[in-house]
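**Q** Please find the sequence and the predicted model below.
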Amino acid sequence: MPNPMEQAEVRRLANAIRGLTLDAVETAKSGHPGLPLGMADAATVLFSQFLKYDPADPAWPDRDRFVLSAGHGSMLLYSLLYLTGYPGMSLDDIKTFRKLGSPCAGHPEHGHAPGIETTTGPLGQGIGNAVGMAIAEAHLNARFGDDLVNHKTYVICSDGDLMEGISHEAIGLAGHLKLRNLIVLYDDNNITIDGARSLSDTTDNNRRFEASGWQVDTCDGHDAADVFRALTAAQKSEKPVMINCKTIIGFGMPTRAGTQKAHSDAPGADEVAGAKKALDLPPEAFALANGVLEKWRAIGKRGAAARAEWNTRKASAQASPDFDEAMAGNIPHGLHAALDDYKKKIVAEKPTIATRKASEGVLDVVNPIVLSTMGGSADLTPSNNTKTKDMLDFEPQTYGGRYIRYGIREHGMCAAMNGLALHGGVIPYGGTFMVFSDYCRPSIRLAALMQQRVIYVMTHDSIGVGEDGPTHQPVEQLAAMRAMPGLLTFRPCDPVETAEAWEIALNKKDGPSFLALTRQNVATARSAFTDKNLTAHGAYEIAGADGEAKVTIFASGSEVELAMQARELLKADGIGARVVSMPCWPLFEKQDAIYRDAVIGNSPVKVAIEAGVREGWDRYIGADGIFIGMHSFGASAPYKDVYKHFGITAEAAAQAAKKALK
């Protein structure tokens, strides 16, 4: 363990962060200077003496992860990345803070520059991500051993992070799992945008963390020795650690320190000048005191020896090839053949089963082959069918387990899955009822924004939920998810499409996938085997017309079965009809115009059947097309009665098509 640095030296280094922050925010005329100025001392101690990293290899797998959950204080992170010598973060970049094309966005964005471990800004998300990162580290440590995986996840969070409900879910899960590799530094400055924290919150956060199973310490966030003491004590904890850092927001500002004016307002030239004088900083914009940059760059090189030692261990580790494959996120070549065998079996047997049950069957194939999958559910395992027979639970005694019991924490689950994906080495999937995707949406949006491979298993996808009624029957959620950029939303119609959707989701490294799966049984619609993944086209003709197609019926999920029945009813009346299954709209939109036009066809009557709202369907059936679906919330009754009550039947579709042909 290193010896603590002198207070004066820490302050001199920390003031470099403060000076860069003041100038960047003042130049941009916007930003949040309060947190960087307040937490600069604590962050300096962390980055100079505890955090394991090497800017020469920002993606070093065994680096400690640092998450700035309070993303509004982004200049703290950008300053540290520049000062320690990370590539992709220059002084010119700092000068373009909040400008178009700058890696220094208003809030940290993963992928904009090395060293930004996750996208934060929506408060509470970062601490949720950090829990996932800590889970990934614990699991990979159990799988590959200390020689390859032995690091920590550090977080700086704010009052706002801890007020958000997601923090309750994340903190509770981390405490339950005894994630001793997770250390949170809480910037306790008692100020929010409105004013004193006491205006809206009087929670004793120390006791709150203790009640959730964390080790809690308190330090003076401006006293280098006290911060050092707390971080030293945290290293050997058998629990996750929260260090309450008592700080002054906007430290150094002559008139705004300790007030809400320091939080998010541009300071103004006079305030900047006064702060620089008080902090003994050069008056020129973006200037650093003599020798400070060199000292910071030397700190940045501190981790090179640890990385070199790790590389030596890795070179002789028997598990090294498997570790590399896991970190690369590669899918074993044998999966496609195994899923083809599953599809052949389904086509031969033609079972009538719910797609959630079909998903379980697919996972029974996937999980023994893809050893990097980590599944879970928000306390709905028997309903989501997300745990396969080969999976052990992930828990303190068996971190090698691959199944996470998230409890009733949908939002926390999805934030943690983002962290799992960001850490690398695992492919997370998790389940809940689709109606509760509303609880998950902020985290799903961030997964799409960050282009992370996260798979959402959302079962009970329509009014087919039945007796649980409209509170549990999603009608607008499917349209909402389809509207999200970068998210592949699948609604497979049968076990074959379910297998194909899983194969696509597992192989998609650059974004999340959302699987909408039925509660109720559905017939196998695909009558013949093909080794082609038809779902990858997004939409395809699943049943052609006998003769000229007067009607084209579009459907997804469980309503494909109704479409096939409607086709038979029309056929009996001498009317040619074709059926198009549309399991994934975004994939269909990526096909070329010739393919899309051929699938949509030129039938004079176009019908869409889906037990959800109409939004989005008009692009395929036209504004005058026939929509058989939901125009309101659902109702509580056996699902077949609910479908009939709302007119979502094969008979209604056939009758509407015939009426339109007259």
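**A** Done, it's in.
**Q** Now do the contacts for A225.
**A** Contact analysis of A225 by Cβ atoms under 8 Å, 6 or more residues apart in numbering lists P4, Q7. C-beta here means a position set from N, CA and C on the backbone, and glycine is covered the same way.
**Q** Distance check, it against V613.
**A** A225 sits 60 Å away from V613, going by Cβ to Cβ, to the nearest Å.
**Q** again with D194
**A** Distance of D194 to V613, computed by Cβ to Cβ: 37 Å.
**Q** Those two: which is more packed in?
**A** Neighbour count, other Cβ atoms under 10 Å: between D194 and V613, V613 has more, with 19 against 10.
**Q** where does that one fall, phi/psi-wise?
**A** Main-chain torsions, V613, degrees, to the nearest 10: phi -80, psi 170.
**Q** Go ahead and confirm it touches V475.
**A** Yes: at 5.6 Å, V613 counts as touching V475 under the criterion of Cβ atoms under 8 Å.
**Q** and the least confident helix or strand in the chain by mean pLDDT, how far from the chain's centre?
**A** The least trusted helix or strand in the chain, going by mean pLDDT, DSSP states H and E, turns out to be helix 261-264, with a mean of 94. Remark: helix 261-264 is offset 29 Å from the chain centroid, using Cα atoms, centre = their mean, to the nearest Å.
**Q** Ok, stretch 272-288 next?
**A** Distance of stretch 272-288 from the chain centroid (Cα atoms, centre = their mean) equals 39 Å.
**Q** Which residues outside that stretch are in contact with it?
**A** Counting by Cβ under 8 Å, 6+ apart, 12, 15-16, 18-20, 22-24, 26-27, 37, 91, 94-95, 252-255, 267, 289 sit against stretch 272-288.
**Q** circling back: and for V613 and V475, which residues touch both?
**A** Both V613 and V475 are contacted by M630, under the criterion Cβ under 8 Å, 6+ apart.
**Q** can you count the residues close to the closest residue to F394 other than its chain neighbours?
**A** Spatially, and ignoring its direct neighbours in sequence, F394 is nearest to G401 (4.1 Å; Cβ to Cβ, 6 or more residues apart in numbering). Using other Cβ under 10 Å, G401 is surrounded by 16 other residues.
**Q** quick one: secondary structure of G401?
**A** coil (DSSP: H, G, I helix; E, B strand; the rest coil).
**Q** who's in contact with it?
**A** Contacts of G401 by Cβ under 8 Å, 6+ apart are H139, M391, L392, D393, F394, E395.
**Q** can you do 7 Å?
**A** Listed by Cβ atoms under 7 Å, 6 or more residues apart in numbering, the contact partners of G401 are L392, D393, F394, E395.
**Q** Quick check: Y429 touching V457?
**A** Yes: taking Cβ atoms under 7 Å as the definition, Y429 is a contact partner of V457 at 5.8 Å.
**Q** if I look at these two, which residues touch both of them?
**A** Between them, Y429 and V457 share the contacting residues T386, judged by Cβ under 7 Å, 6+ apart.
**Q** how much space between I626 and I609?
**A** From I626 across to I609, the span is 9 Å (Cβ to Cβ).
**Q** likewise I353?
**A** In this view, I353 and I609 are 20 Å apart by Cβ to Cβ.
**Q** quick one: which of those two has more around it?
**A** I609 (28 against 19).
**Q** Against A539, how distant is that one?
**A** 14 Å.
**Q** cool, and R445?
**A** R445 is 25 Å from A539, by Cβ to Cβ.
**Q** What of R65?
**A** 40 Å.
**Q** Check I346 too.
**A** 20 Å.
**Q** And for G616?
**A** 13 Å.
**Q** ok, now M481?
**A** In terms of Cβ to Cβ, M481 sits 17 Å off from A539.
**Q** ok, now V272?
**A** As judged by Cβ to Cβ, V272 and A539 stand 57 Å apart.
**Q** Kindly report the same for G361.
**A** Counting by Cβ to Cβ - G361 and A539 are separated by 24 Å.
**Q** Between those two, which is the more surrounded one?
**A** Taking other Cβ under 10 Å, G361 and A539 do not tie; A539 has more neighbours (24 against 19).
**Q** you'd agree that one is up against M582?
**A** Yes: using Cβ under 7 Å, A539 makes contact with M582 at a distance of 4.2 Å.
**Q** Grab the longest helix from this protein for me.
**A** helix 7-28 (DSSP state H).
**Q** so the helix or strand just after it versus helix 7-28, what angle?
**A** The helix or strand immediately downstream of helix 7-28 is helix 34-49, counting by DSSP states H and E. Helix 34-49 and helix 7-28 are oriented at 140 degrees to each other (axes from the mean of the first three to the mean of the last three Cα atoms, to 10 degrees).
**Q** on contacts alone, who are the packing partners of helix 34-49?
**A** On a contact count with 3 or more Cβ pairs under 7 Å, 6 or more residues apart in numbering; DSSP states H and E, helix 34-49 meets helix 7-28, helix 74-84, strand 153-157, strand 182-188, helix 224-234, helix 261-264.
**Q** buried residues in the last one?
**A** Residues K261, A262, H263, S264 are the ones in helix 261-264 that count as buried (16 or more other Cβ atoms under 10 Å).
**Q** contacting residues for W296?
**A** Going by Cβ under 7 Å, 6+ apart, W296 touches L13, A16, L83, T84.
**Q** will you turn the residues you listed into JSON lines that also has distance to L570 and pLDDT?
**A** Shown next, in JSON lines, are the contacts of W296 (distance: Cβ to Cβ, whole Å; pLDDT from 0 to 100):
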{"residue": "L13", "distance to L570": "76", "pLDDT": "98"}
{"residue": "A16", "distance to L570": "75", "pLDDT": "98"}
{"residue": "L83", "distance to L570": "71", "pLDDT": "98"}
{"residue": "T84", "distance to L570": "69", "pLDDT": "98"}
